[in-house]
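> Have a look; sequence and predicted model below, questions after that.
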Amino acid sequence: MRRWFLLLLVAVLIPVGHRDPGHAQDQAPPLVVFVEDQQLLAASIADSGPDGLTRLEQVFKVLGARTSQQDLTSPLPKEARVVVLVGPVGPLSPAQLARLWVYMVNGGHLLLAIDPIGLTVARDAGYLPVGADRARSGLATLLKTSYGIGLQDTFVVDPWFSLISIIHQNTTLVSVYAEGVVQHAVDEPLLTYNLPVEMWGARTMTVDPLGPDSHAIPLLYTESGYGETDQGVFNTLGTPSPLELNLGADVVGRLFTAALAENTRFGSRVVVLGSSASVENGYGLAVDADGLTPLYLANRIFAERVAAWLLDLPEESWPPLPDSYTWLALDGKSSDWGAISALLTDVPNDARAPQYDIRAVSGFRDDSFLYLLITTAEMPDPEARLTLAILNSFDGVVDYVNLSITAKQVVVQKNANPEEAVPDARMVAGQTLEVWLPLRVIGENPRIRQACLSDSRTSADSAPTDCVTQQPPAAVSLIRTQAPNNIRFPDGPRAVVLTAAGINVRSGPGTDWPVLRVVPYGTTYAATGRTANGDWIRVENALYTGWLANLLVALNSPRSNLPVVESPTP
């Protein structure tokens, strides 16, 4: 420890020369340096493979930066605006840390993505166990004392994980969300549209909002699991420790997996991510077969905004949200709906309670969801129950789908089949009732025949307070945009296509079943079941339910944990 503190003392005693963002950097594009070191074996911009950083490098270039790469055996360039270190397999040596620290105390910014200790990550040398800086290391001490961000020796474990599913990084997928207690422009769109960022093998951190010379803000969090502190769970040579919550040792509650901070004394900024894969080519920044469309839109937006903030760009020049998506906040407000015409209208004052008196039902559909806006004579009751009768022919048979919708649950019934919960459907009551329904359960060409409102605290069999009916059923217009995230399921097992492009999703568990879609590497689904022998996995998104061969996907849960489901009828 004496070596660490001597080096830190030397670094701190170096005169601090604050960088002026409006001076030398205006003479040339800002420089972003990616650390590539044989000792650290970090992810590289020279690698265009799944664990490479060529797409993250492109994010910085689109924002006007120039990039370079170097190791930490020599001082970092004085003109560097941002240094990027993603996924170091080993800890920084005292000399490496000293060089990084000299750069930071002189106003340099840092993007650090650091994985859990013990996790096995992919690198050119194969799958390597992470032995990066621990919570008591020199790097962790500097981040904690000067920026208020503390690394924890943890690994995020969701309830469906097992000792089998944590062997490699690509089977440790977790969804994390924007932390909105203290809002920041970096993750504002993620919070507004409730978009999850995907992480593979997440590490947690502490965040102290106010320090002597710093202020820090948590960016992303999860509450679905816990932070495992026993690295023995990664033991593949002997008997691993059990993967279980140990109160008093493991970290529980709201787990922060990303944070940013500024040091007002140094004039420097830091962003720390608890997962390297969240910004790597074949994981968080993976793209569709067209080479352009992000498979994880929230990860792309997050990376762009982190890069813009670290480059000191004014917020008005940050990349806008792409206009090819359906940007609609589920908040019970009509202000972001624009001029959407009504599908059904009702005569006024025909209900005994104005908060249940339907005035109009407006709506449209995109590639994955049906969006409905129900306006009432007065602000709707938060305890309202909306029932819908929707005509569809998605299975080749013209019939009705009946839905019972409350703020707590959405239930669908088709013909005489039993009722089923729809986990990715939602309703929010505010100034209006705003509803999202996946096309998977109502068909790709839904037509609305009837909408009724009643009090959810009364019996479902009781007469509704108000109904509006349309004959013939109202056709729903198609808006040619994409849903920002076509998987809105509650937390649960996921299946990710991690083989070559052009994988067939079939309508049943076998190669003799019709192909529903051909999907690229990195496509993610909710895993909802399996065949008895486990050879086929049933997967779902908002648009369809299909089947994938087990050999073609990576599951973040043992396939034996998935329920055995009946095969569909050919």
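That came through, no problem.

> contacts and neighbour counts: CA atoms only from here.
Noted.

> low pLDDT regions in the stretch 451-570 of the chain?
Scanning the stretch 451-570 of the chain for pLDDT under 70 picks out the ranges 500-501, 569-570.

> Which stretches in it count as strands?
With strands called from DSSP state E, counting those that start in this stretch, the stretch 451-570 of the chain shows them at 466-475, 494-497, 503-506, 515-519, 524-530, 536-540, 545-549, 553-555.

> Determine the set of other helices and strands touching the last one.
Pointing back at strand 553-555 there. Contact partners of strand 553-555 among helices and strands, from 3 or more CA pairs under 8 Å, 6 or more residues apart in numbering; DSSP states H and E: strand 494-497.

> Okay, domains of this protein per the record?
Domain ranges of the chain: 2-316, 342-475, 494-561, per automatic domain parsing.

> Determine the three-state secondary structure at the nearest residue to residue 259 once chain neighbours are set aside.
Spatial nearest neighbour of residue 259, excluding adjacent residues (CA to CA, 6 or more residues apart in numbering): residue 218 at 4.2 Å. For residue 218, the secondary structure call by DSSP: H, G, I helix; E, B strand; the rest coil comes out as strand.

> For residue 218, give its distance to residue 182.
8 Å (CA to CA, to the nearest Å).

> Looking at those two, which has the bigger crowd around it?
Neighbours per residue (other CA atoms under 10 Å) separate residue 218 from residue 182, with residue 218 holding more: 27 against 10.

> mind checking the longest helix of this structure?
In the chain, assigned by DSSP state H, the helix with the most residues is helix 297-310.

> other SSEs contacting it?
Where contact means 3+ CA pairs under 8 Å, 6+ apart, helix 297-310 is packed against helix 54-62, strand 109-113, strand 197-200, strand 268-273.

> Tell me the gap between it and the middle of its chain.
12 Å (CA atoms, centre = their mean, to the nearest Å).

> what's the angle between it and strand 268-273?
Angle, helix 297-310 to strand 268-273, by axes from the mean of the first three to the mean of the last three CA atoms, to 10 degrees: 160 degrees.

> Put the alpha carbons of helix 297-310 into CSV.
Provided in CSV are the C-alpha atoms of helix 297-310 (Å, rounded to 0.1, in the frame of the first residue of the first chain):
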residue,chain,number,x,y,z
LEU,A,297,-31.4,1.1,-28.9
ALA,A,298,-31.1,2.2,-25.3
ASN,A,299,-27.5,1.1,-25.2
ARG,A,300,-26.8,3.2,-28.4
ILE,A,301,-28.5,6.3,-27.1
PHE,A,302,-26.8,5.9,-23.7
ALA,A,303,-23.3,5.5,-25.4
GLU,A,304,-23.9,8.6,-27.6
ARG,A,305,-25.0,10.8,-24.7
VAL,A,306,-22.1,9.6,-22.4
ALA,A,307,-19.7,10.4,-25.2
ALA,A,308,-21.2,13.8,-25.9
TRP,A,309,-21.1,14.7,-22.2
LEU,A,310,-17.4,13.6,-21.8
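
> Go through that helix and flag the buried ones.
Buried residues in helix 297-310, counted by 16 or more other CA atoms under 10 Å: 297-310.

> and those residues as a markdown table, adding pLDDT and distance to residue 374?
A markdown table is the format used below for these (pLDDT from 0 to 100; distance: CA to CA, whole Å):
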| residue | pLDDT | distance to residue 374 |
| --- | --- | --- |
| 297 | 96 | 29 |
| 298 | 97 | 28 |
| 299 | 97 | 32 |
| 300 | 98 | 33 |
| 301 | 98 | 31 |
| 302 | 98 | 32 |
| 303 | 98 | 36 |
| 304 | 98 | 35 |
| 305 | 98 | 34 |
| 306 | 98 | 37 |
| 307 | 98 | 39 |
| 308 | 98 | 38 |
| 309 | 98 | 39 |
| 310 | 98 | 42 |
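
> Closest one to residue 408 out of those, please.
When the buried residues of helix 297-310 are compared for distance to residue 408 (CA to CA), residue 298 wins out at 25.3 Å.

> just checking, that closest one touches residue 193?
No - at 9.7 Å, residue 298 and residue 193 do not qualify as touching, with contact defined as CA atoms under 8 Å.

> Among the domains of the chain, single out whichever gets nearest to residue 327.
When these are ranked by distance to residue 327, counting by CA to CA, first place goes to domain 2-316 at 7.4 Å.

> Show the residue spans covered by the helices in this structure.
Assigned by DSSP H, the helices in the chain fall at 2-13, 54-62, 94-105, 138-147, 188-192, 297-310, 439-442.

> ranking these by mean pLDDT, which is last?
Per-stretch mean pLDDT for these is lowest at helix 2-13 (a mean of 43).

> gap between residue 545 and residue 198?
Going from residue 545 to residue 198 by CA to CA gives 22 Å.

> These two - which one has more neighbours?
Taking neighbours as other CA under 10 Å, residue 545 and residue 198 compare with residue 198 leading, 23 against 20.

> Now do the same contact list for the more buried one.
173, 174, 175, 176, 278, 284, 296, 298, 299 (CA atoms under 8 Å, 6 or more residues apart in numbering).
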